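> coords please:
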Amino acid sequence: MISINGSLFIQMVNFIVLIWALNLVLYRPIRNIVARRREKMDGLEEGISKYEQDAVEKEREIQSGIKKAREKGQKEKEAIEEEAREQERRKVEQIHEKAKADLDEMRKKVVSETESVRKSLEPQIDQFADQISEKMLGRAVE
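Have a look, this model is predicted:
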């Protein structure tokens, strides 16, 4: 049978001292290490979160910059195309004017040549008329 005597109290004191010593030597340092590790992990997670937010902001800025660059490029392209259309219109107009001038010059030349041929043939009209009449009538016309 078990008897309760003074050794029980000594064992209880021994147990309490042992718990206190273990707490002081073993548990407290381990808890401190775990707490520091937890703080470090929390700091790293916070840093990761911050960097992720920065990355998202940078991505937005990049996308915004790309969009602005595309819009600017599109506007410049349209301006260049408009300028090209205007140059084309001017060239066509110049060609049209030159063709019109050349046509007028050719008409004047044809009129001039026609007039000179008419003047050179005018003295011979009577002679040609007599020859035609002779051929049609078959006899000489006086």
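
> for the rest of this, base every contact and every neighbour count on C-alpha atoms.
Will do.

> now do the phi/psi pair for residue 5.
Residue 5 adopts backbone torsions of phi -140, psi -160, taken as degrees, to the nearest 10.

> what helices and strands are in contact with the helix or strand of the chain with the lowest mean pLDDT?
The helix or strand of the chain with the lowest confidence, counting by mean pLDDT, DSSP states H and E, is helix 125-137 at a mean of 81. Helix 125-137 is packed against no helix or strand, with contacts defined by 3 or more CA pairs under 8 Å, 6 or more residues apart in numbering; DSSP states H and E.

> tell me the buried residues in that helix?
For helix 125-137, a neighbour-count test (16 or more other CA atoms under 10 Å) marks nothing as buried.

> how far does that helix sit from its chain's centre?
In terms of CA atoms, centre = their mean, to the nearest Å, the centre of helix 125-137 is found 82 Å from the chain centre.

> also stretch 105-121?
Mean-position distance between stretch 105-121 and its chain equals 61 Å (CA atoms, centre = their mean).

> now swap in stretch 83-101 and tell me
The chain centroid and the centroid of stretch 83-101 are separated by 31 Å, computed with CA atoms, centre = their mean.

> so for it, mean pLDDT?
The average pLDDT within stretch 83-101 is 95.

> same check on stretch 109-124?
Mean predicted confidence for stretch 109-124 is 88.

> before we move on, the earlier item: convert the C-alpha atoms of the least confident helix or strand of the chain to PDB, please.
This file holds the C-alpha atoms of helix 125-137, laid out as PDB (Å, rounded to 0.1, in the frame of the first residue of the first chain):
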ATOM      1  CA  ILE A 125      -8.000  76.000-154.100                       C
ATOM      2  CA  ASP A 126      -9.000  77.300-157.600                       C
ATOM      3  CA  GLN A 127      -6.600  74.900-159.300                       C
ATOM      4  CA  PHE A 128      -7.900  71.900-157.200                       C
ATOM      5  CA  ALA A 129     -11.500  72.900-157.900                       C
ATOM      6  CA  ASP A 130     -10.800  73.100-161.700                       C
ATOM      7  CA  GLN A 131      -9.100  69.600-161.600                       C
ATOM      8  CA  ILE A 132     -12.000  68.100-159.600                       C
ATOM      9  CA  SER A 133     -14.500  69.600-162.000                       C
ATOM     10  CA  GLU A 134     -12.700  68.300-165.000                       C
ATOM     11  CA  LYS A 135     -12.500  64.800-163.600                       C
ATOM     12  CA  MET A 136     -16.200  64.900-162.700                       C
ATOM     13  CA  LEU A 137     -17.400  66.300-166.000                       C
END
